[in-house]
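*Asks:* generate a structure from the sequence data that follows.
(3 chains)
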Amino acid sequence: LCPPGVLPLCCRPPSWDRAPRQPPGLPLAPCRAFSNNKIQVDLDESSGIAMMKFKSPPVNSLSLDFLTEFSISLEKLENNRACRGVIITSAIPKIFSSGLDIMEMCGKNVEHYGEFWRAVQEMWLRLYGSNMVTVAAVNGSSPAGGCLIALSCDYRIMAENPKFSIGLNEAQLGIVAPFWFKDTFVNVVGHRVAERSLQLGSLHPAPEALKLGLVDELVPEEKLLEKASAIMAQWLALPDHARQLTKSMMRKALLDRLVTHREEDIKYFINFISKESIQKSLRMYMEMLKKKKS
Amino acid sequence: LCPPGVLPLCCRPPSWDRAPRQPPGLPLAPCRAFSNNKIQVDLDESSGIAMMKFKSPPVNSLSLDFLTEFSISLEKLENNRACRGVIITSAIPKIFSSGLDIMEMCGKNVEHYGEFWRAVQEMWLRLYGSNMVTVAAVNGSSPAGGCLIALSCDYRIMAENPKFSIGLNEAQLGIVAPFWFKDTFVNVVGHRVAERSLQLGSLHPAPEALKLGLVDELVPEEKLLEKASAIMAQWLALPDHARQLTKSMMRKALLDRLVTHREEDIKYFINFISKESIQKSLRMYMEMLKKKKS
Amino acid sequence: LCPPGVLPLCCRPPSWDRAPRQPPGLPLAPCRAFSNNKIQVDLDESSGIAMMKFKSPPVNSLSLDFLTEFSISLEKLENNRACRGVIITSAIPKIFSSGLDIMEMCGKNVEHYGEFWRAVQEMWLRLYGSNMVTVAAVNGSSPAGGCLIALSCDYRIMAENPKFSIGLNEAQLGIVAPFWFKDTFVNVVGHRVAERSLQLGSLHPAPEALKLGLVDELVPEEKLLEKASAIMAQWLALPDHARQLTKSMMRKALLDRLVTHREEDIKYFINFISKESIQKSLRMYMEMLKKKKS
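*Replies:* Numbers count the residues shown, from 1 in each chain, chains lettered A, B, ... in the order given. I've put the predicted structure just below:
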C-alpha cells in the first residue's frame, strides 16, 4: 500500500531492527572483494560500505561490457544485506569516466545500438534507484555519461583540481543528452543552469561545478576517499528503511518516466544514431580526439 | 472560468474596491482577540493583521486538539473580511513547534490514526491554501511538522540564534515525511537541497537555514515581531485579489495533489504507522528524548 | 520519431553539414536589413547574427501592432537559413519594453481583447520556441511583458544600472500574470523566488535581478552590444542541430501546455479583463502613471 510518490520498496525492516549480520560463533569476515575485468569492488562487511573502483584503461569508457559489469556489480551489492552504501571512484589517474563509448555508437548495426542503449538505461535505473547510499568520489574528469553516474549518486565530492571538469557535453559532439540525463541534471542543478549548460555542452572545471551545485564539495585529491568515507558514515547513521523510502519518494517520478518510455527511448536512440549526419559528427569528433592526443 | 493553474477562487473584489470595513457611525474596534486552549489570536482590525501565538506547553506539539484549534482559528480569520494577513509565532520560549505529537502516533488504534492524519492534512490545506498573507515568525526550534507550518507560509523570518534549528527530520525518527511535506519543501528550497536534507533528516541551525533558502531572513530575536509586521505591511500594500490569484496559481498543483489522494494518503499513514517496526522506532525515539531531558 | 520531451523539430542538418550559404560566384551580401514601423532588424549574413531593435516610442509598449510585427520579424528570421541567432535590444534610451500596452486592455470590446491576447501568445510561442539562439540585451527597464521577452531568450545580459529594473509586476496593477508567464519565470529563477516576486509584483533593480538569477550578467551599458555579440558567438560555436534539439527538450513541456490550453487561456483573459473591477484597477493605474509623468 503506497501513497502517490512512493515506490513500493521491498519491506526490509529498519536497520536497527536487523538480525545480526554474522551468525554467532562464525569468525568476522571484514572485507570481501569481487572484481571483474573493468571494476574492482571491495566490501567492508563490518561497516557495510563497498568501494567500487573503475579500472578500464585508458579512460573508463562506458562500453557495453563495462555497463554490463557495472550493473551486475550494483545488483550484487544491492542484494547483499551486508552492504548499505557504495563509494564509486576511479582507479585511473585524472579520469573518473569519459562517458559512453563512442565506438559503440559508430558504424555498428541497429541491433547493437539497441543492446547498447538498453545497457545504458539499465545502469541508470539501478544506480539512480539504488536502495544503498551512493557517494561519487570524482577523482578526475567526468564528461557526459561519466557526469551522469556522478549525478545519479546521493552525494558528489570532487578532487579540488581545476584541470578536472564535469558536465553533460553531448551537444559538443552534435548529439543530444536523452531526456532522463536531462531530468537527472535538472533535479541536481535546477532548470536554468541545466538549460544553459546542456545547450552549450559545457564541461565545468571543478570550482565552477561546485558553484553551480553540480558537485556538493571539493576536497584535495589525496583526501578524497577519506572524505567519502566520512560522508558515507554520516548517511549511514540514519535508519535504512526511512532513508530508502525518502530517496524513493524523491526519485520515483524520474525512474517511472524512463520505465514507461523505455522502448520508445531505445527506438529513438537507434533512429537518431543511425542518421548519416550524426555518424559523420561522431567520426569528426573521434578524429579531433585522435589529433589532440598526437 | 479559470485557466489551467488557477484556483477557482472566490470573487472578492480587489481590496481597493472594498466596502469600508466599519459601517459609518459605529465606533472603531481596533483589536479583537479570540483564543482557545492552545492558540492565542489577536486581530487588529485597523491594519487587517492577526497575530497568532502558539501557547501549548511544553513544546507546542501538534496534537489532534492543537491541530483542530489551529484549523478553526485559520478558518475564522479566513472568513473575517477584516483580516487580510496573519503572523504566526510561538508564545513559548525557544520553541516554535516541535511538530506532530508522537503520542498521537504511538499505541493508539486505527480510527485514531485516521482522525489524526486527517487533521494534519486539514491544517496544511488551510494554511498552504490560505487567501491571507501568512508570515511565520520562527522564534525557536521548528522540527518536522513545525517546519511544515513555516514552509507553508508566504514568508519566513527566524530568530538569529544558531541554537534554534529547523528542518523536516522525520527520517531521524525512522519515519518518512509524506509526499506533500516533501512537495512543499521542494517548492521552497528546490529538489537537490530537499533530497539531501530529507534523506538525512537534517535539522538546520538558523544560519544554515538561511543559506539554504529554508527561511527568508534572520532577525535578532527581540526584533522578530516588529520585522514580521513590516514584512506584512509590504505584502498588504498589494491589492488582495491579484495577490490571491497569483498565490493560488503558484500553489494549486500541490493542493490539488493532496485533495485528489487524500483518502489514499490516510490509508497509507495508518498502515505505515501501525507496523510494529515503526512503533518500535517511535518508542525508542521517545525514550531517547526522555533520557535527554533527565 | 521522438522520445518524450523532445519536439518533433524540423530536420535541419547540423550546421557543419550545411550547404554554403552563398551560391558560388555571387557577391557576398554581408548585411541585410528589414524594418517595419516598430522594429529595426539587421541581419549580418556572414556571422548569421541578426540584431533586432525595438523602436516604438515612447516606451516600446507591446501593442497589437507591435506584437504582430515582432512575430513576423521572428518568423522571417526563423525561416532564413542564413540566420542562426538574434540579439534583442531597444533603440529607445532607458527602456527595453514597458510590457503589454494597457490601452489595448482598457475600454475595448471582447473581440479586440481576444485578438490582442492571441497576439501575445503568438509572440511568446515563437520566441520561447525559437530554433535560433536568442540573447536579450536589456538596456533599460523591463516590466511585465518586457520581462517576459527577456525571460524567453536563451541568455540575458542587462545594463549595470541600478535605475533599470525588471520583473513581472502584474500584481501591482491588480492583474495576474498568466500561467505561462509564471511557468517561464519559474524555469529561470525557481519556484520560491517566482512565488515571492509574483505575489509582490516586484520590479528588481539590475543588481538584485542578477542575484536572483533573473538575468545572467550585468555589463556597463556602453559595452552591452559588444558583450551580447561575444555571448552569441559562444553559443553559435555549437552545432545547431544538437543545440536546437536540446533547447526543445528543455522547453517543450511549457510550449505544449499553452498550445493545449490556448483557447481556454484566451477566454479566461477576455472574461477577466472585462470585469468592471479590473477595468477600474487599470484606469487607476494609468492615471497614476499620468500623474507621475506630469
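*Asks:* can you count the residues close to A:Ser47?
*Replies:* Per other Cβ atoms under 10 Å in any protein chain shown, the neighbour tally for A:Ser47 reads 17. No exception for glycine: its C-beta is placed from N, CA and C like everyone else's.
*Asks:* could you pull out the helices for the stretch 101-250 of chain A?
*Replies:* A:110-128, A:144-152, A:179-189, A:191-200, A:206-212, A:224-236, A:240-274 (DSSP state H, counting those that start in this stretch).
*Asks:* got the buried residues for the fifth one?
*Replies:* Going by neighbour count (16 or more other Cβ atoms under 10 Å in any protein chain shown), the buried part of helix A:206-212 is A:Ala206, A:Glu208, A:Ala209, A:Leu210, A:Leu212.
*Asks:* from A:Glu160, how far out is the second one?
*Replies:* This means A:Glu208. 12 Å (Cβ to Cβ, to the nearest Å).
*Asks:* A:Asp256 too?
*Replies:* Taken as Cβ to Cβ, the span from A:Asp256 to A:Glu160 is 37 Å.
*Asks:* who has more neighbours out of the two?
*Replies:* Neighbours of A:Asp256 and A:Glu160, each counted by other Cβ under 10 Å, are more numerous for A:Glu160; the result is 16 against 12.
*Asks:* skipping its backbone neighbours, what lies nearest that one in space?
*Replies:* In this structure, A:Glu160 finds its nearest non-sequential neighbour in A:Leu218, 4.1 Å apart by Cβ to Cβ, 6 or more residues apart in numbering or on different chains.
*Asks:* quick one: A:Asp65 and A:Asn37 touch, right?
*Replies:* Yes. Using Cβ atoms under 8 Å, A:Asp65 is in contact with A:Asn37, at 7.2 Å.
*Asks:* so the two - more neighbours on which side?
*Replies:* Neighbour comparison, A:Asp65 and A:Asn37: the larger count goes to A:Asp65, with 16 against 10 (by other Cβ under 10 Å).
*Asks:* what is the neighbour count of the residue in chain A that chain C sits nearest to?
*Replies:* Using Cβ to the nearest Cβ, the closest approach of chain A to chain C is made by A:Phe179 at 3.7 Å. A count of nearby residues for A:Phe179, using other Cβ under 10 Å, gives 21.
*Asks:* got the buried residues of helix A:206-212 as JSON lines, with distance to B:Gly145 and pLDDT columns?
*Replies:* Below are the buried residues of helix A:206-212 laid out as JSON lines (distance: Cβ to Cβ, whole Å; pLDDT from 0 to 100):
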{"residue": "A:Ala206", "distance to B:Gly145": "39", "pLDDT": "98"}
{"residue": "A:Glu208", "distance to B:Gly145": "39", "pLDDT": "98"}
{"residue": "A:Ala209", "distance to B:Gly145": "36", "pLDDT": "98"}
{"residue": "A:Leu210", "distance to B:Gly145": "33", "pLDDT": "98"}
{"residue": "A:Leu212", "distance to B:Gly145": "33", "pLDDT": "98"}
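*Asks:* end-to-end on stretch A:170-178?
*Replies:* With Cα to Cα, to the nearest Å applied, stretch A:170-178 spans 9 Å between its terminal residues.
*Asks:* return the distance of it from the chain's centre.
*Replies:* Centroid displacement of stretch A:170-178 relative to its chain, using Cα atoms, centre = their mean, to the nearest Å, is 18 Å.
*Asks:* contacts only, for A:Ser152.
*Replies:* A:Ser152 makes contacts with A:Trp124, A:Leu127, A:Tyr128, A:Thr134, A:Thr184, as judged by Cβ atoms under 8 Å, 6 or more residues apart in numbering or on different chains.
*Asks:* also A:Phe96?
*Replies:* Neighbours of A:Phe96 in contact, by Cβ under 8 Å, 6+ apart: A:54, A:60, A:89-90, A:136, A:138-142, A:146, A:149-150, A:164, A:166.
*Asks:* same question for A:Ile72.
*Replies:* A:Ile72 neighbours (Cβ under 8 Å, 6+ apart): A:Asn36.
*Asks:* gap between it and A:Leu62?
*Replies:* Distance from A:Ile72 to A:Leu62, by Cβ to Cβ: 14 Å.
*Asks:* given the helix or strand of chain A with the lowest mean pLDDT, what are its sheet partners and their directions?
*Replies:* For chain A, scoring each helix and strand by mean pLDDT, DSSP states H and E identifies strand A:31-35 as the least confident one, at a mean of 73. Here strand A:31-35 has these sheet partners by DSSP bridges: strand A:39-44 (antiparallel).
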